[in-house]
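> structure of the sequence below:
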Amino acid sequence: MDAEALYYEAERRIKEVTIPLFEEQAHLFVDVWPTWKADLSQPGKQLTADQLQLLGQIETLDSKYVGGLRAYRANAVELLRASAAGENPLEGFRPSVPLGETLVAHGDAYRAAERAGIEAAQRCAFVLVAGGLGERLGYGGIKVGLPTESTTGCCYLRHYVEAILAIGDRAGRPLPLAIMLSGDTDAPTRALLKKEGNFGMRDEDLTLMVQDKVPSIVDGGGRFALAKDGRSLETKPHGHGDVHALVAAHGLADTWLAAGLERVFFFQDTNAFALRSCVANCGVSAKLDLDYNSSCVARKPGEAIGAICRLDRPATDAGDARALTLNVEYNQLAPLLASVGEADDPTPSGASRFPGNINQLLIKLGGDDGYAAVLRRTGGAVPEFVNPKYADDTKTAFKKPTRLECMMQDYPKLLSSNAKVGFTVLERAAVREYSPVKNATADGAAKVRAGLAGACPATGEADLYAFNCDLLSVGGMDVAPAERRTFLDVPVDLRPRACLSPFFGLTEDDFERCVRGGSLGAAASLVVEGRGSVVLEDVHVRAGSALRVTTGPGTKLVVRGLVVDNAGGSLVALTDAELADAAVPEAVRIRGFKYVPREERHLDFREAGDFVVTA
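This is a model prediction of the structure:
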């Protein structure tokens with residue numbers, strides 16, 4: 001488009017879009033609107049910096065929301081009316097347990113799911129929702145930049161990218177990753193990727209999508225709120241449900257489908273096990289031919305975690321029969337069950353019969369209820385909700401401006417009643433399959449005291465070591481039991497520090513093949529990193545010792561009969577002075593401990609070729 005065409009297009013938008021939008025919200029600019037309207041209506045008029053800033057904001061907000069700001073306001077008015085009236089969107093539905101499977105690690109069904117799943121995962125695209133900073137954790141950076149553990153400092157983003165690369169290596173082709181960012185995380189995430197060379201991923205396989213905010217709303221009439229500067233709209237996050245609209249806007253689902261991919265896996269920023277559990281989930285989705293599969297954990301009755309339910313509503317004068325399977329928030333489940341004379345009673349195992357949602361979603365790409373078709377039909381706009389804080393019982397005024405929100409797990413509301421929607425629960429005895437890092441250390445300590453998972457940096461690191469040790473034991477390695485340590489009032493059970501690259505192994509079959517006996521002693525560390533193939537045969541790392549194995553693409557290394565006995569390293573609690581010292585990195589301080597290396601045996605084989613190391 002040439003300069004003249006661009007000018008006339010901009011003028012058209014001002015007349016047809018921007019001025020009407022301003023007039024609908026003229027209360028915000030009552031002192032300046034007549035002058036601004038004249039300026040905006042006058043061809044060739046030089047606009048002020050304030051006008052240009054607001055004009056750009058309005059146009060951006062209007063273009064990013066599916067249907068534009070008029071649709072946003074209309075949705076807000078209707079949802080606020082329903083909220084004030086106390087309408088229950090689940091009224092009339094009867095909950096039941098949906099289609100799905102519960103898999104227990106090391107069992108035959110688990111192995112079968114992984115075998116089918118590792119094949120299916122090779123035809124997956126991946127979407128990471130990474131719009132958050134770590135402020136809640138006491139960390140000022142992006143959450144995906146946090147170390148998963150202290151021994152190597154491998155950050156979450158590297159951890160995820162390398163898992164996708166490892167799956168792609170098996171497929172013989174690279175697999176795509178899309179990352180949803182926010183205004184807060186966009187620049188630092190791009191900087192981290194540039195610094196680290198995308199952690200080995202090609203530029204063409206990586207899509208970065210930036211989520212915009214939505215206007216804040218001051219009343220039931222859907223009027224927008226003015227920011228403190230008096231010259232712009234106040235905006236707030238719209239929620240992670242925007243990921244579907246962003247995928248639609250980038251045309252990714254159709255691109256992936258045309259490339260022969262079959263599913264999309266969605267996951268969030270700080271659960272180190274996401275791409276491990278994805279494999280078994282893919283196996284269940286393939287077996288049951290699910291259009292949509294929620295990764296789940298067993299939940300306790302009344303636990304503050306959403307429940308996956310099948311909801312059935314009979315036909316009434318008000319509408320046709322309806323059936324859907326989706327996440328029901330924990331505070332909605334009890335009254336929903338009570339409305340049909342039921343309760344969230346425990347099963348013999350002590351768990352609820354309804355599995356707990358962890359917001360890891362596996363969606364089929366093809367078919368009438370496939371992701372590509374649904375996005376073409378809906379633009380990825382998932383149903384919204386509103387949660388205003390009313391100033392009084394009249395419900396006519398808010399304590400502060402509110403906004404519409406959306407959640408990625410509400411996507412099944414876009415599907416037909418014929419869609420196959422289910423779940424996969426993964427259980428691993430004595431080891432967590434789901435360990436998000438989302439709580440500040442003090443909050444994590446309080447949760448542990450209450451008998452809940454801490455979900456903080458220290459527990460996330462300890463759970464990762466335990467998970468990897470469990471995988472080593474699949475290959476017959478004798479791994480020392482956990483030692484109880486306490487950091488900043490958070491008790492953790494520390495297994496030996498096993499840090500295992502996804503290139504080393506992704507499934508239990510892998511670990512049965514690449515680990516053959518040996519031992520890993522208490523407080524020892526074993527690091528296997530790099531893109532090569534490694535087999536550990538009768539390798540013994542004595543208590544407190546450290547072994548690191550590094551390979552490159554094309555490396556095939558067998559380590560046989562090696563005994564490592566050295567000074568190793570240890571996790572050391574921070575002193576009060578270190579906790580108060582701004583020079584100590586935040587990522588270390590929020591854990592309450594640091595890794596102090598002393599000595600390690602390093603087997604460094606980065607060249608292509610076959611190598612054997614013996615005692």
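
> can I assume Tyr595 is in contact with Gly569?
Yes - between Tyr595 and Gly569 there is a contact under C-beta atoms under 8 Å: 6.0 Å. Bear in mind the C-beta positions are built from the backbone N, C-alpha and C, glycine included.

> which residues do those two both contact?
By C-beta atoms under 8 Å, 6 or more residues apart in numbering, Tyr595 and Gly569 have these common neighbours: Thr151.

> show me what counts as buried in the host helix or strand of Ala334.
Here Ala334 is covered by helix 330-338, with elements defined by DSSP states H and E. For helix 330-338, a neighbour-count test (16 or more other C-beta atoms under 10 Å) marks Tyr330, Gln332, Leu333, Leu336, Leu337 as buried.

> okay, those in JSON lines with distance to Glu433 and pLDDT next?
Output for these, formatted as JSON lines (distance: C-beta to C-beta, whole Å; pLDDT from 0 to 100):
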{"residue": "Tyr330", "distance to Glu433": "20", "pLDDT": "86"}
{"residue": "Gln332", "distance to Glu433": "25", "pLDDT": "88"}
{"residue": "Leu333", "distance to Glu433": "22", "pLDDT": "89"}
{"residue": "Leu336", "distance to Glu433": "27", "pLDDT": "89"}
{"residue": "Leu337", "distance to Glu433": "26", "pLDDT": "90"}
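
> tell me the one among these nearest to Arg322.
Leu336 (14.6 Å; C-beta to C-beta).

> pretty sure Pro95 sits against Ala338.
No - in this structure Pro95 lies outside contact range of Ala338 using C-beta under 8 Å: 10.8 Å.

> what's near enough to touch the residue nearest the centre of the chain?
In the chain, the C-alpha closest to the average C-alpha coordinate belongs to Gln268, at a distance of 0.7 Å (C-alpha atoms, centre = their mean). For Gln268, the contacting residues are Leu128, Val129, Ala130, His240, Ala274, Asn359, Gln360, Pro436, by C-beta under 8 Å, 6+ apart.

> looking at the residues you listed, state which has the most neighbours.
Ala274 (27 neighbours; other C-beta atoms under 10 Å).

> can you map out the helices along the stretch 351-500 of the chain?
371-378, 441-449, 457-474 (DSSP state H, counting those that start in this stretch).

> which strands and helices sit next to the last one?
Spelled out, it's helix 457-474. When contacts are defined as 3 or more C-beta pairs under 8 Å, 6 or more residues apart in numbering; DSSP states H and E, helix 457-474 sits against helix 441-449, strand 478-479, strand 490-494, strand 497-500, helix 508-514, strand 515-516.

> adjacent strands (with direction) for the second one?
It stands for strand 478-479. strand 519-520 (parallel) (DSSP bridges).

> after the partner strand comes which helix or strand?
Past strand 519-520, the next helix or strand by DSSP H and E is strand 525-530.

> that following strand vs helix 457-474, what angle?
Counting by axes from the mean of the first three to the mean of the last three C-alpha atoms, to 10 degrees, strand 525-530 lies at 80 degrees to helix 457-474.

> so which elements touch strand 525-530?
Against strand 525-530 (3+ C-beta pairs under 8 Å, 6+ apart) you get strand 497-500, strand 546-551.

> turn those strands into TSV, columns for mean neighbour count.
Listed next are these as TSV, based on neighbours: other C-beta atoms under 10 Å:
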stretch	mean neighbour count
strand 497-500	24
strand 546-551	23
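
> residues in contact with the residue lying closest to Arg591 once chain neighbours are set aside?
Of all residues beyond its chain neighbours, the one nearest Arg591 is Pro457 (4.6 Å), with distances taken as C-beta to C-beta, 6 or more residues apart in numbering. By C-beta under 8 Å, 6+ apart, the contact set of Pro457 is Leu137, Leu146, Val437, Thr441, Gly444, Ala587, Ile590, Arg591.

> could you redo the last one with a cut-off of 7 Å?
Leu137, Val437, Thr441, Ile590, Arg591 (C-beta atoms under 7 Å, 6 or more residues apart in numbering).

> now do Gly505
Per C-beta under 7 Å, 6+ apart, neighbours of Gly505: Leu471, Phe511, Cys514.

> mean confidence for the longest strand that the chain contains?
If you go by DSSP state E, the chain has its longest strand at strand 356-364. For strand 356-364, mean pLDDT is 95.

> same check on stretch 436-455?
On average, stretch 436-455 scores 90.

> next one, pLDDT for Phe398 please.
pLDDT, Phe398: 88.

> partner residues bridging it?
In beta-bridge terms (that is, DSSP bridges), Phe398 pairs with Tyr390.

> and the end-to-end length of stretch 408-419?
This stretch, stretch 408-419, spans 17 Å end to end (C-alpha to C-alpha, to the nearest Å).

> how far out from the middle of the chain is that stretch?
Mean-position distance between stretch 408-419 and its chain equals 19 Å (C-alpha atoms, centre = their mean, to the nearest Å).

> can you list the domains in this structure?
3-84, 88-210+241-435, 439-615 (automatic domain parsing).

> out of the ones you listed, which is closest to Arg223?
domain 3-84 (6.2 Å).

> ok, the closest residue in space to Ala462 that isn't next to it in sequence - how many residues close by?
Leaving aside its sequence neighbours, Ala462 sits nearest to Val492 (C-beta to C-beta, 6+ apart; 3.9 Å). Using other C-beta under 10 Å, Val492 is surrounded by 27 other residues.
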